[in-house]
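Colleague: Okay, predicted coordinates and the sequence, questions at the end:
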Amino acid sequence: MRLTLDNMESEASHNLGLVNFCIYIAPSPGQLVVLSGSQTMRQVHDKYWKLNKPLEMYYSIKKT
């Protein structure tokens, strides 16, 4: 949902059509791991969510 909203707000994205992006998770402070794109949320949960707190997720739009 957030990607769609950010994509709509960006003038450049109107001209590009499809936008490529990367999703990262922060399994521990100061550590970012890029997700492959083929992982399910269940697989991410089982592999990276080790602490009893929300798992932080980030994204970045790839510049072309």
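Modeller: Noted; the coordinates are in hand. Residues are numbered from 1 along each chain as shown.
Colleague: Assign residue 63 to helix, strand or coil.
Modeller: Assigned state for residue 63: coil (three-state reduction, DSSP: H, G, I helix; E, B strand; the rest coil).
Colleague: Test my guess that residue 20 contacts residue 61.
Modeller: Yes: between residue 20 and residue 61 there is a contact at 7.4 Å, judged by Cβ atoms under 8 Å. C-beta coordinates here come from the backbone N, C-alpha and C atoms, glycine included.
Colleague: ok, the two, which is more surrounded?
Modeller: Neighbour count, other Cβ atoms under 10 Å: between residue 20 and residue 61, residue 61 has more, with 16 against 10.
Colleague: Quick check: chain neighbours aside, which residue is closest to that one?
Modeller: In space, residue 61 comes closest to residue 21 once its chain neighbours are excluded; the distance is 5.0 Å by Cβ to Cβ, 6 or more residues apart in numbering.
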